[in-house]
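**Student:** sequence and predicted structure, then a few things I'm wondering about:
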Amino acid sequence: MEKIPLTDRKYIPTFIFVTSLFMLWGIAISMGDVLNRHFQKVLNVSLAQSGLVQFSIFGAYAVMGIPAGLFMKKYGYKNGVLLGLCLYAIGAFLFIPAAGAESFGFFRIALFILACGLATLEAVAHPFAAALGDERRSEQRLNFSQTFNAVGTIIGPVLGGYFILRAVLTGDTQADLFSVKMLYAAIGATVFIIAVAFLFTRVPPLQEARNNPSSQRSYGELFKYKHFRWTVVAQFFNVAAQGGTWAFFINYAVKYMPGMSDSHASYYFGLSMFMMLMGRIVGTYLMNFIAPNKLLALFCLGSITMCIIISQHLGWLSFACLIGLQFTFSIMFPTIFGLGLRNISDLREKASSFIVMAVAGGAVFPPIMGYVADKYSVATAYLLPIICYLMIFLFAVKFYKPSEETATTQS
């Protein structure tokens, strides 16, 4: 059997840098879930209102997906990365006046701008990583890169727990928001320095789509690909489940685990992200023996089982399942992304824009889960992601495969 390398030797430096970008947005997205809990206590917002934190973050993906793709197409991958990093830094710096105004709405604007940067980085990095080698291993490359995204999601809640939730609330809103302001100022400065350093870094662009005349085909051409249409649907539901699960993790821990503080819950949240890291490492390895779509289906079944147990709030058993849920949905995002990019190499950049827009699913579910949590219970709210996993399972077993007609078109 032919042994196909994960990436070609000439692409290794580029692949390393692109993979590092995945960690940057992992930190920012998981920090949003710490902010969710902090705003509930400091700004006195309800669970449903706090879900608007995720709405601001993931809603930016719906707005920025296509513009980021068009910018990348016209100005190249390097400039796309620079735009994403600059928006990321600007959004982080806006936390300083938002804290001064003590305004939940202002914080959401800052998060939205920051997330526009994340959406731009994702639109660039996913097709870049997928194309850096043989297409038959694109799902593995994305899972490998997403492993470092999982590292970022471990760092995010640990930083948030230590610098934000660990602080004793004083009742003085300015004092209670000071740690938020300082942490995001530091993040903004770090990201800005990375952007300046990258400005002087030579990164080879992907030539295959840019030099191919057929790459001028319109966005409408994508929707002739049935598997791509289903990829967008599956990714929407995947991030919906992910966003809702993360948004109320700390609430669940504090409510159902006696004596659990916010800061300790955030550390368990970091542990759950370690489980996601392990899931992506294990998943990447298992794809050497199990077809990506079949592994995706198995992980969906595991996630459904976890959600059922979580909803019963059975003490440590349910809480362990909440932590373990990150393992079972670990491979979903990159695997769905990779399957969606199959057989559409000349439209890969455009496809990436739409799949990034599907991340808007994370804007929809947290407010809905928050409403159910307010009306019934946080545990009951964790039944809702089962709907999402059923849709992904359907994609994995039936609609993931490019049709013969579209495959012929590419040949």
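**Tutor:** Happy to help now that I have it.

**Student:** ok, then the element right after the lowest-mean-pLDDT helix or strand in the chain?
**Tutor:** Ranked by mean pLDDT, DSSP states H and E, the weakest helix or strand in the chain is helix 207-210, scoring a mean of 45. Downstream of helix 207-210, the first helix or strand assigned by DSSP states H and E is helix 226-247.

**Student:** can you list the buried residues in that next one?
**Tutor:** 227-228, 230-247 (16 or more other Cβ atoms under 10 Å). Where C-beta positions appear, they are placed from N, C-alpha and C, glycine not excepted.

**Student:** with just CA atoms, put that helix into PDB.
**Tutor:** This file holds the C-alpha atoms of helix 226-247, laid out as PDB (Å, rounded to 0.1, in the frame of the first residue of the first chain):
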ATOM      1  CA  LYS A 226     -24.600  18.000  -2.800                       C
ATOM      2  CA  HIS A 227     -21.900  16.900  -0.300                       C
ATOM      3  CA  PHE A 228     -20.900  20.600   0.100                       C
ATOM      4  CA  ARG A 229     -24.400  21.700   0.900                       C
ATOM      5  CA  TRP A 230     -24.700  19.100   3.600                       C
ATOM      6  CA  THR A 231     -21.300  20.000   4.900                       C
ATOM      7  CA  VAL A 232     -22.500  23.600   5.600                       C
ATOM      8  CA  VAL A 233     -25.600  22.100   7.400                       C
ATOM      9  CA  ALA A 234     -23.500  19.700   9.400                       C
ATOM     10  CA  GLN A 235     -21.000  22.300  10.400                       C
ATOM     11  CA  PHE A 236     -23.800  24.700  11.500                       C
ATOM     12  CA  PHE A 237     -25.300  22.100  13.800                       C
ATOM     13  CA  ASN A 238     -21.800  21.000  15.000                       C
ATOM     14  CA  VAL A 239     -20.800  24.500  16.200                       C
ATOM     15  CA  ALA A 240     -24.300  25.000  17.600                       C
ATOM     16  CA  ALA A 241     -23.800  22.000  19.900                       C
ATOM     17  CA  GLN A 242     -20.300  23.100  20.700                       C
ATOM     18  CA  GLY A 243     -21.300  26.700  21.500                       C
ATOM     19  CA  GLY A 244     -24.100  25.600  23.800                       C
ATOM     20  CA  THR A 245     -22.100  23.000  25.600                       C
ATOM     21  CA  TRP A 246     -19.300  25.400  26.400                       C
ATOM     22  CA  ALA A 247     -21.500  28.300  27.300                       C
END
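
**Student:** number the chain from 108, please
**Tutor:** Okay, residue one is now 108; in that scheme the one you just asked about reads as helix 333-354.

**Student:** who are the packing partners of that helix?
**Tutor:** helix 119-149, helix 159-182, helix 423-435, helix 439-447, helix 455-464, helix 468-482, helix 492-501 (3 or more Cβ pairs under 8 Å, 6 or more residues apart in numbering; DSSP states H and E).

**Student:** what sits up against the last one?
**Tutor:** Put plainly, it is helix 492-501. Residues outside helix 492-501 that contact it (Cβ atoms under 8 Å, 6 or more residues apart in numbering): 340-341, 344-345, 347-348, 351-352, 403-404, 407-408, 410-411, 414-415, 436, 439, 443, 468, 472.

**Student:** which strands and helices sit next to the helix or strand hosting C414?
**Tutor:** Element membership of C414 [criterion: DSSP H and E] is helix 399-418. Judged by 3+ Cβ pairs under 8 Å, 6+ apart, helix 399-418 is in contact with helix 369-393, helix 423-435, helix 439-447, helix 485-488, helix 492-501.

**Student:** what's the neighbour count on the residue lying closest to A222 once chain neighbours are set aside?
**Tutor:** In space, and not counting its chain neighbours, A222 is closest to A167: 3.5 Å by Cβ to Cβ, 6 or more residues apart in numbering. If you count neighbours by other Cβ atoms under 10 Å, A167 ends up with 25.

**Student:** isn't A167 up against T227?
**Tutor:** No - assessed by Cβ atoms under 8 Å, A167 is found out of contact with T227, at 9.5 Å.

**Student:** okay, now the unreliable bits of the stretch 208-357 of the chain?
**Tutor:** Within the stretch 208-357 of the chain, the stretches with pLDDT under 70 are 242, 246, 274-279, 309-326.

**Student:** contacts only, for A169.
**Tutor:** Contacts of A169 by Cβ under 8 Å, 6+ apart are 464, 466-467, 470.

**Student:** got a pLDDT number for it?
**Tutor:** On the pLDDT scale, A169 is placed at 84.

**Student:** please report how far it lies from V339.
**Tutor:** 12 Å (Cβ to Cβ, to the nearest Å).

**Student:** give me the common contacts of those two.
**Tutor:** M464.

**Student:** what about S379, how many neighbours?
**Tutor:** 25.

**Student:** how about N186?
**Tutor:** N186 has 15 nearby residues by other Cβ under 10 Å.

**Student:** quick one: average pLDDT of stretch 430-438?
**Tutor:** So the average pLDDT for stretch 430-438 ends up being 93.

**Student:** actually stretch 409-420, not the one I wrote
**Tutor:** In this model, stretch 409-420 has a mean pLDDT of 96.

**Student:** report the buried residues of that stretch.
**Tutor:** 409-414, 416-418, 420.

**Student:** can you give me the distance of L384 to F434?
**Tutor:** Taking Cβ to Cβ, one finds L384 at 9 Å from F434.
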